[in-house]
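Engineer: generate coordinates for the sequence data below:
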Amino acid sequence: MTPKIEKIVIKYITQSATVSDLDTLSEWIKTPANKIAFKDYIQSHYAIIHSMNNPDTKKALEQLLLRIKKEKTLVYRLRRQPIYKYAAAAVVVGIMVSAYLFKNNLSDIPVESTPVIVDTNTIVPGTDKATLTLGDGTVVALEKGSTYQTQNANSNGEEIIYKAGNKKTNEIVYNYLTIPRGGEFHMVMADGTEVWLNSESQLKYPVSFIDGVTREVQLVYGEAYFDVSPSTNHKGAKFKVLNQSQEIEVLGTAFNIKAYKDETNIYTTLVEGKVVVNSGTSKQYLVPNQQSNFDLKNNSITVYKVDVNTEISWKDGIFSFKGKPLKDIMKVISRWYDVDIIFENKDLESIKFKGYLDKNQSIDQILLIMKSNTINNYEIIDKTIILK
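Structural biologist: As a prediction, this is how the structure comes out:
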């Protein structure tokens, strides 16, 4: 399964597939080998304890394939309608996904109980928003519905784009882009490098770069995905990302850095190109599909192979978890929904899940999916979620 097809499958499962996606998926599945690959993918990402020989599992997969075919037909009937009407056709297979999505590796049978929900009106999915701090200390709020424009940059409230300077400069002026909990933001720097910033992140960067001089930015904290403009477009100038105790040097590449303040590990994932991760005492060269784990406690770096799509799916509106413990998963949830999480049942912290979730789902939808599998019950009070 190619990365492109995998992304489409994930989008289908998370109810975000477009008409074009359905066309591509439907045609791809027609090939017998691809149909087998599709079944294997569903098994490895969503299978519960049951094996593929389980008749119910086989039936669920066949129903999924049939549903894709039906949805494609429905989409064609509605092609002349506004996009929002037929986008809903890309729905997930209800029974199957509830059986597969977010199933832990244990065979616990949850106790049926009604969740206590005091008020969830204040808990909403994150959105595009950021705070821009200029070189002179001026603070500007960037969010949907607002615009911002200067000689060097403009923003429509969903992203900010810097212009390449028309005149040479030897002075570097820095801006800070800060993303709060419950936010995300996209930016294009003056050299053409694109950056996607996740919730609770901050980036320090030059308003413009000096020709031929190494381009340096600093991920102060948080998570960011970089698609770097190659050095060949900038008189050979390298690109470096500084973060706490590590430095990443690139020559034109795409990679992800995760370095949150409340975590003691920094993860650098290479999508394409080449990077060098330097901790001062150790250097590690990464090739595509590798991730480095810099342990801040013992100042050591380990490198291993990862599923890149799982690591960077957050920038495409999808939560992707493969064998992650619930404690780590709820950190991601807490940042995106801007909530506090309390584990009343400490045993839940280490339970592992696998699956994908649409970041636009309500918090109730996500918790009910979890509750249907392992969480016995939960309680929501204001902006605090208590897992029981």
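
Engineer: what pairs with the longest strand along the chain, and is each one parallel or antiparallel?
Structural biologist: When the chain is parsed with DSSP state E, its longest strand is strand 215-227. Sheet pairing here is set by DSSP bridges, and for strand 215-227 it gives strand 194-197 (antiparallel), strand 201-206 (antiparallel), strand 239-243 (parallel), strand 254-259 (antiparallel).

Engineer: run through the stretch 101-250 of the chain and note the low-pLDDT ranges.
Structural biologist: Applying pLDDT under 70 to the stretch 101-250 of the chain flags residues 101-121, 165-169.

Engineer: 80 instead, please
Structural biologist: Across the stretch 101-250 of the chain, the ranges flagged by pLDDT under 80 are 101-122, 165-171, 244.

Engineer: tell me where it has strands.
Structural biologist: Taking DSSP state E, counting those that start in this stretch as the test, the strands found in the stretch 101-250 of the chain are 116-117, 127-133, 139-143, 148-149, 153-155, 159-162, 174-179, 183-188, 194-197, 201-206, 215-227, 239-243, 246-250.

Engineer: who does the helix or strand that contains D21 touch, helix- and strand-wise?
Structural biologist: Element membership for D21 (DSSP states H and E) is helix 19-29. In terms of contacts (3 or more CB pairs under 8 Å, 6 or more residues apart in numbering; DSSP states H and E), helix 19-29 is packed against helix 3-13, helix 32-46, helix 55-77. From N, CA and C alone the C-beta is placed, and that goes for glycine too.

Engineer: one more time with 10 Å
Structural biologist: The elements that helix 19-29 packs onto, with contact taken as 3 or more CB pairs under 10 Å, 6 or more residues apart in numbering; DSSP states H and E, are helix 3-13, helix 32-46, helix 55-77, helix 83-87.

Engineer: mean pLDDT for the ones you listed: which is lowest?
Structural biologist: With a mean of 29, helix 83-87 has the lowest mean pLDDT of the helices and strands packed on helix 19-29.

Engineer: nearest residue to K163 in space, please, no chain neighbours.
Structural biologist: Closest residue in space to K163, ignoring its immediate chain neighbours: N152 at 5.8 Å, by CB to CB, 6 or more residues apart in numbering.

Engineer: for that neighbour, what are its contacts?
Structural biologist: L134, I161, Y162, K163, A164, G165, V173, N175, A190, V207, S208 (CB atoms under 10 Å, 6 or more residues apart in numbering).

Engineer: who wins for neighbours among those?
Structural biologist: When those are compared by neighbour count (other CB atoms under 10 Å), Y162 ends up highest, at 23 neighbours.

Engineer: contacts only, for it.
Structural biologist: Neighbouring residues of Y162 by CB under 10 Å, 6+ apart: 150, 152-155, 175, 187-193, 205-209.

Engineer: if you set the cut-off to 7 Å instead, what comes out?
Structural biologist: Contact analysis of Y162 by CB atoms under 7 Å, 6 or more residues apart in numbering lists N152, A153, V188, M189, A190, V207.

Engineer: same check on E311?
Structural biologist: Contact analysis of E311 by CB under 7 Å, 6+ apart lists N256, T269, Q291.

Engineer: three-state assignment of the most centrally placed residue in the chain?
Structural biologist: Nearest to the geometric centre of the chain sits W314, at 0.8 Å (CA atoms, centre = their mean). Using DSSP: H, G, I helix; E, B strand; the rest coil, the structure places W314 in helix.

Engineer: for it, which non-adjacent residue is closest in space?
Structural biologist: W314's closest residue in space is N198 (CB to CB, 6+ apart), at 5.8 Å.

Engineer: next: G323.
Structural biologist: The nearest residue in space to G323 (CB to CB, 6+ apart) is K352, at 5.0 Å.

Engineer: how much space between that neighbour and E249?
Structural biologist: Note on K352: its distance to E249, by CB to CB, to the nearest Å, is 34 Å.

Engineer: with Q218 instead?
Structural biologist: With CB to CB as the criterion, Q218 and E249 are 14 Å apart.

Engineer: also G317?
Structural biologist: With distances taken as CB to CB, G317 is found 30 Å from E249.

Engineer: sorry, back to before: may I see the strands paired with strand 215-227 arranged in CSV, with mean neighbour count and distance to N278 as well?
Structural biologist: Below are the strands paired with strand 215-227 laid out as CSV (neighbours: other CB atoms under 10 Å; distance: least, CB to CB, whole Å):
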stretch, mean neighbour count, distance to N278
strand 194-197, 21, 20
strand 201-206, 22, 19
strand 239-243, 21, 9
strand 254-259, 22, 13
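
Engineer: so what's the residue count around S279?
Structural biologist: 19.

Engineer: name the element V277 belongs to?
Structural biologist: If you go by DSSP H and E, V277 is part of strand 275-278.

Engineer: give the buried residues for the helix or strand following that strand.
Structural biologist: Per DSSP H and E, strand 275-278 leads on to strand 283-286 as the next helix or strand towards the C-terminus. Buried residues in strand 283-286, counted by 16 or more other CB atoms under 10 Å: Q284, L286.

Engineer: out of the strands paired with strand 215-227, the one nearest I363 is which?
Structural biologist: In terms of CB to CB, the element of those nearest to I363 is strand 201-206, at 20.9 Å.

Engineer: got a list of what E158 touches?
Structural biologist: Applying CB under 7 Å, 6+ apart, the residues contacting E158 are D128, K144.

Engineer: show me the shaky parts of the stretch 251-388 of the chain.
Structural biologist: Using pLDDT under 80, the flagged stretches of the stretch 251-388 of the chain are 251-252, 354-355, 369-376.
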